[in-house]
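*Asks:* Got a predicted structure here, sequence first:
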Amino acid sequence: MTLKADIIILGGGFAGLTLAIALDRYDITSIVIDTAPPVHTLKKDFDGRTTAIASACWKLLQAIGLGNSLEGKGCPIQIVRVSDQLKMPDLRFESSKEDGPSGYMLENRYLKQALNEAAQAAQNITLLRPAHAIETERNNEGVSVTLADGQKITASLLVGAEGRASPTRKEAGINLAHWEYNHVAVICTLFHEKPHQHIAHEIFYPKGPIALLPMQDEEGRHRSALVWTVPRREADAVKKLSERPFLAEVSRLTGDVLGTLDFASKPMAYPLSFQYTAKITDIRLALIADAAHGIHPIAGQGLNLGLRDVAALTEILVEGRRLGLDLGDSALLSRYERWRSLDNLTVAAVTDSLVHLFAIPGRTASFFRRTGLNVVRYLPFVKKMFLSEARGDRGKLPRLLTGKSL
């Protein structure tokens with residue numbers, strides 16, 4: 001038996017499921033193929049991370065029907081405070097009442113659950129999990145995928161959403177710029193004595209930045225997410241520190257801004273790397289999210305870039321369907337590549353530059369960094385530009401990123 005849909009999505013992570021759910025609202029059918037069983041990925045302890053969702057991407061999630069599922073689960077970020085080694089001046093990006101929060105801190109497990117429930121309830125989504133694609137074929141007539149169990153699936157377009165190691169990208173022969181950072185992100189959730197007041201703290205050190213990101217209180221206790229970037233050679237030692245020295249060092253590096261700390265989850269370590277490809281399409285193929293780009297978490301834009309890919313591709317495909325075009329048409333794919341390439345390149349380049357800029361040791365480098373922060377501090381239009389970038393609402397936006405229907 002051959003299954004057929006408008007689109008085949010390889011990868012059922014955040015980006016893949018978001019795309020399927022967005023397309024479902026406009027009667028575009030999709031088959032999502034993912035290698036991981038949902039029972040495993042939906043376990044509470046499977047992914048204890050927390051993600052910063054930019055306000056524009058939060059509007060996207062609401063526009064595709066996830067608002068009720070996520071209600072009250074995201075913690076608004078009202079102020080972003082940036083400093084160089086806790087030295088003055090620091091830089092504060094404060095959201096206006098008119099624009100609302102710059103973003104929301106959301107536990108990954110809540111987003112996984114909301115996406116999974118919406119995908120299961122959707123009329124136009126077929127979920128194949130776990131399933132393994134062993135062969136794909138793309139030509140002028142269409143796309144076909146053969147699964148390990150022998151089942152064959154056909155569609156007009158193939159979307160690669162399997163993450164950084166995307167086999168679809170490799171099979172298409174799309175070249176990738178890639179390098180490893182000499183850093184590991186040590187991540188956990190902390191309870192703390194003082195309320196965070198919806199402030200995200202980003203403090204830069206030559207060894208790597210450390211961030212405290214506000215989360216919703218739990219059982220009456222204040223919580224924040226910790227992202228502590230350390231050199232690879234020190235990662236094991238940091239992760240294995242006993243509770244008291246670990247928390248004491250975090251307090252020291254963050255200026256004891258949240259008072260007494262305690263663990264809400266165990267620390268986990270993730271090696272950091274960079275990858276980028278300027279080419280995100282091929283014959284009847286579109287790449288989204290980490291399959292197309294993977295950046296340093298220094299500005300919290302990784303998932304947001306992927307969701308912006310989703311919003312742009314959804315709009316292009318919906319408009320193409322209304323015009324009666326084949327969804328794998330090269331003109332539609334060219335438009336997607338043009339729309340997303342500049343944004344992806346800009347964010348990738350800026351985050352990589354920040355990593356290297358703040359890694360330069362010495363008083364002279366620190367002086368020039370603080371001078372730069374001070375200049376930005378007194379230039380409202382520059383601060384507004386940076387805040388707009390953090391919110392994800394700069395440039396020509398897909399309508400879903402504004403919260404509007406297509």
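*Replies:* Received the coordinates, thanks.

*Asks:* Let me know whether P271 touches N182 as I believe.
*Replies:* No. If you go by CB atoms under 8 Å, P271 and N182 don't touch, sitting 9.8 Å apart. Glycine gets a C-beta too; all of them are placed from N, C-alpha and C.

*Asks:* list residues touching both of the two?
*Replies:* R232 (CB atoms under 8 Å, 6 or more residues apart in numbering).

*Asks:* neighbour count winner among the two?
*Replies:* N182 (15 against 12; other CB atoms under 10 Å).

*Asks:* Enumerate every residue touching that one.
*Replies:* P231, R232.

*Asks:* so where does it fall, helix or strand?
*Replies:* strand 177-192 (DSSP states H and E).

*Asks:* For the very next helix or strand once past that strand, which strands pair with it and how are they oriented?
*Replies:* Note on strand 177-192: by DSSP H and E, the next helix or strand toward the C-terminus is strand 199-204. Strand 199-204 has the following strand partners under DSSP bridges: strand 79-84 (parallel), strand 210-218 (antiparallel).

*Asks:* sorry, back to before: how about the strand holding N182: buried residues?
*Replies:* Y181, H183, V184, A185, V186, I187, C188, T189, L190, F191, H192 (16 or more other CB atoms under 10 Å).

*Asks:* where's the nearest residue to A286 once chain neighbours are set aside, which helix or strand?
*Replies:* Among residues not flanking A286 along the chain, V159 sits closest, at 5.3 Å (CB to CB, 6 or more residues apart in numbering). Using DSSP H and E, the element containing V159 is strand 157-160.

*Asks:* Export only the CA atoms of that strand, formatted as PDB.
*Replies:* What follows is strand 157-160, C-alpha atoms only, in PDB (Å, rounded to 0.1, in the frame of the first residue of the first chain):
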ATOM      1  CA  LEU A 157       7.600  18.100  -1.700                       C
ATOM      2  CA  LEU A 158      10.100  16.700   0.800                       C
ATOM      3  CA  VAL A 159      11.000  18.800   3.900                       C
ATOM      4  CA  GLY A 160      14.200  18.000   5.800                       C
END
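
*Asks:* Where does G65 sit: helix, strand or coil?
*Replies:* For G65, the secondary structure call by DSSP: H, G, I helix; E, B strand; the rest coil comes out as coil.

*Asks:* ok, it - contacts?
*Replies:* G65 makes contact with I21, R25, A118 under the criterion CB under 8 Å, 6+ apart.

*Asks:* so the last one touches S69, yeah?
*Replies:* Read it as A118. Yes. Using CB under 8 Å, A118 is in contact with S69, at 7.0 Å.

*Asks:* Compare those two (neighbour count), which wins?
*Replies:* A118 (20 against 16).

*Asks:* How many neighbouring residues does E249 have?
*Replies:* 14.

*Asks:* ok, it - contacts?
*Replies:* E249 touches L241, counting by CB under 8 Å, 6+ apart.

*Asks:* cool, and L261?
*Replies:* If you count contacts by CB under 8 Å, 6+ apart, L261 has them with L190, F191, H192, E193, L247, V250, S251.

*Asks:* got any ranges where this protein has weak pLDDT?
*Replies:* Where the chain drops to pLDDT under 70, the residues are 1, 39-47, 298-300, 354, 356-390.

*Asks:* Pairing partners for the strand holding V159, with directions?
*Replies:* Going by DSSP bridges, the partners of strand 157-160 are strand 7-10 (parallel), strand 285-287 (parallel).

*Asks:* which other residues reach the longest one?
*Replies:* If you take CB under 8 Å, 6+ apart as the criterion, strand 7-10 is touched by 16, 19-20, 23, 28-33, 133, 136, 143, 145, 153, 155-162, 168, 317, 327.

*Asks:* Drop anything exposed from the residues you listed.
*Replies:* 16, 19-20, 23, 28-33, 133, 136, 143, 145, 153, 155-162, 168, 317, 327.

*Asks:* from these, which ones fall inside strands?
*Replies:* 30-33, 133, 136, 143, 145, 153, 155, 157-160 (DSSP state E).

*Asks:* Same list as before, those that is, but in a markdown table and with distance to W58 included.
*Replies:* Below are those laid out as a markdown table (distance: CB to CB, whole Å):
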| residue | distance to W58 |
| --- | --- |
| S30 | 23 |
| I31 | 28 |
| V32 | 23 |
| I33 | 28 |
| A133 | 32 |
| T136 | 33 |
| V143 | 32 |
| V145 | 33 |
| I153 | 33 |
| A155 | 30 |
| L157 | 27 |
| L158 | 29 |
| V159 | 23 |
| G160 | 25 |
